[in-house]
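Asker: Structure of the sequence below:
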Amino acid sequence: MKIHYLVTSLENGGAEFAIPSIVHSLQRLGCEVKVIACEPRDMKAAPKLEKANIGYEVMFGSRRSIFTYTKAYLKRIKTDKPDVIWTSLSRATLVGQLAGALTRIPVVSWKHSAAVRLYTQIFRKFSKLWIADSAIVEAFLHDKMRIPKSNIMSWPLYCCETLPPITHHWDGKRPLRIGSMGRLREQKNYEILVDAVDILLKKRPDFRHRFTLSIAGRGPLEESLNLQIKNLNLQDHVFLVGYSEHPEKFLENLDLYIQPSIFEGMCLAAHEAMAAGLPVIATPVGELAYSVINNKTGFLVSGDLKQTIGQALELLLENPQKVFLFGRNAQNFVAKKFSLDRFNLAGSQIVNHIKTKILKK
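Answerer: Prediction:
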């Protein structure tokens, strides 16, 4: 089965970073996969593809219209027609859907979050099969996008292939090292996280030398976040450390991970943190609603996040033993639930469905 894996861009993001694991799984199942990006953006995902020996094409050097992408992709299909167009992210999905309708090539589409663009909703029936990257997204596809359950399958994006050893744990004597990874955009809710730190320190000035928060990532809110940190006089507590080329090393130096997002799908970063043995404080969005178990792998926070994040931090700062215990529980949880065998099984079931239910129609 020949697959064109059509993605919007190769920028820094969970959906893009998961491509190597997905492609390798498909290749093990005998599929021929070609990765095609509509545009480059920051190209942070490209080194991961190159390291995994996965070739890729980028159709344009900068952003173009949907119709320009579609025209170029249709030309691409004429010289190399796939059996299936497999799309990832909204713009690539629309391009694939339009091209698929014009060429009668079946389209399979990822859904990576419990949020939808208007055009994705309008053209949802153009995809023969929708793949949810998490349980929350699977429910969203059926309940909100009104896609029949027979046209939905699930393939959790995260795969826990290796477990790094937990080489240290916080004993309460040195500052607690807290961190988060993500693009500096509204979705990640980092402004609220910074406010939560400010409120906690005003409530508990004795914590002023007890913890630091490092946020790894870049994005359009970088300037405003830096200004917020300066205005709140948090320069000694909150640090924007830029994009991390080696996220595993960033996580190795942390004791606790926070993900205050407004919405997520799988959220690879938080699950990678759990695999590294870190407890997680997170909002109940996407798969995090199931992976973060209160008082076991961390804390789910909701309501007034400025208060509830602070309350969770306060509890852990006062109970160092919980930081280690929750981190160990988190690592055991992802090792079992997101094993390589489970990841490959999900891919196998989807490929079998495509071959028997879609291509044979």
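Asker: what's the span of stretch 164-176, first residue to last?
Answerer: Start-to-end span of stretch 164-176 (CA to CA, to the nearest Å) is 20 Å.
Asker: Show me which positions of that stretch end up buried.
Answerer: For stretch 164-176, a neighbour-count test (16 or more other CB atoms under 10 Å) marks Trp170, Leu176 as buried. (Glycine included, C-beta is placed from N, CA and C.)
Asker: Could you pull up the mean pLDDT of it?
Answerer: Rounded to a whole number, the mean pLDDT of stretch 164-176 is 87.
Asker: and what of stretch 50-66?
Answerer: pLDDT averaged over stretch 50-66 gives 96.
Asker: Only the buried residues of it, if you could.
Answerer: Within stretch 50-66, judged by 16+ other CB under 10 Å, the buried ones are Ile54, Tyr56, Val58, Met59, Arg64.
Asker: Stretch 266-286 too?
Answerer: Those would be 266-283, 285-286, for stretch 266-286 by 16+ other CB under 10 Å.
Asker: So which of those residues sit within strands?
Answerer: Val280, Ile281, Ala282 (DSSP state E).
Asker: would you turn the residues you listed into TSV with distance to Val301?
Answerer: Listed next are those as TSV, based on distance: CB to CB, whole Å:
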residue	distance to Val301
Val280	10
Ile281	6
Ala282	7
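Asker: What is the nearest of the residues you listed to Met145?
Answerer: Nearest to Met145 among these is Ala282, at 24.2 Å by CB to CB.
Asker: By mean pLDDT, point me to the weakest helix or strand of the protein.
Answerer: Lowest by mean pLDDT, DSSP states H and E among the helices and strands of the chain is helix 14-17, with a mean of 84.
Asker: Just the residues contacting that helix, thanks.
Answerer: 7, 9-10, 44-45, 48, 88-89, 110, 112, 133, 157, 265-269 (CB atoms under 8 Å, 6 or more residues apart in numbering).
Asker: could you point out which element follows that helix?
Answerer: Following helix 14-17 in sequence order, the next helix or strand is helix 19-28 (DSSP states H and E).
Asker: Now do the buried residues in that next one.
Answerer: With burial defined by 16+ other CB under 10 Å, the residues of helix 19-28 counted as buried are Ile19, Pro20, Ser21, Ile22, Val23, His24, Ser25, Leu26.
Asker: which of these lies closest to Asp171?
Answerer: Ser21 (35.1 Å).
Asker: ok so, going back, please dump the ones in strands among the buried residues of stretch 266-286 into JSON lines; it should also carry pLDDT for every row.
Answerer: Output for those, formatted as JSON lines (pLDDT from 0 to 100):
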{"residue": "Val280", "pLDDT": "98"}
{"residue": "Ile281", "pLDDT": "98"}
{"residue": "Ala282", "pLDDT": "98"}
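Asker: wait, isn't Gln307 in contact with Ile199?
Answerer: Yes: here Gln307 reaches Ile199: they are 7.0 Å apart, a contact under CB atoms under 8 Å.
Asker: would you list every one of the strands in the stretch 101-250 of the chain?
Answerer: For the stretch 101-250 of the chain, strands defined by DSSP state E, counting those that start in this stretch occupy the ranges 107-111, 129-132, 152-154, 176-181, 211-216, 238-242.
Asker: Adjacent strands (with direction) for the second one?
Answerer: In the sheet containing strand 129-132, the strands it pairs with under DSSP bridges are strand 107-111 (parallel), strand 152-154 (parallel).
Asker: From the strands of the stretch 101-250 of the chain, pick the one with the highest average neighbour count.
Answerer: strand 107-111 (a mean of 26; mean count of other CB atoms under 10 Å).
Asker: That one versus helix 19-28: what angle between them?
Answerer: 140 degrees (axes from the mean of the first three to the mean of the last three CA atoms, to 10 degrees).
Asker: starting at the chain centroid, how far to strand 107-111?
Answerer: 16 Å (CA atoms, centre = their mean, to the nearest Å).
Asker: Apart from its neighbours in sequence, what residue is nearest Leu102?
Answerer: Distances taken as CB to CB, 6 or more residues apart in numbering place Leu74 nearest to Leu102, at 6.5 Å, with adjacent residues excluded.
Asker: helix or strand for the one you found, which one?
Answerer: With DSSP H and E as criterion, Leu74 is part of helix 66-79.
Asker: ok, residues contacting the helix or strand following that helix?
Answerer: Proceeding N to C from helix 66-79, the next assigned helix or strand is strand 84-88, under DSSP H and E. The set of residues external to strand 84-88 that reach it, using CB under 8 Å, 6+ apart, is 1-8, 15-16, 19, 93, 95-97, 99-100, 105-110, 112, 127, 354, 358-359.
Asker: What subset of these is buried?
Answerer: 3-8, 15-16, 19, 93, 95-97, 99-100, 105-110, 112, 127, 354, 358.
Asker: and the helix holding Leu74, which residues are buried?
Answerer: Buried, per 16+ other CB under 10 Å, within helix 66-79: Tyr69, Thr70, Ala72, Tyr73, Arg76, Ile77.
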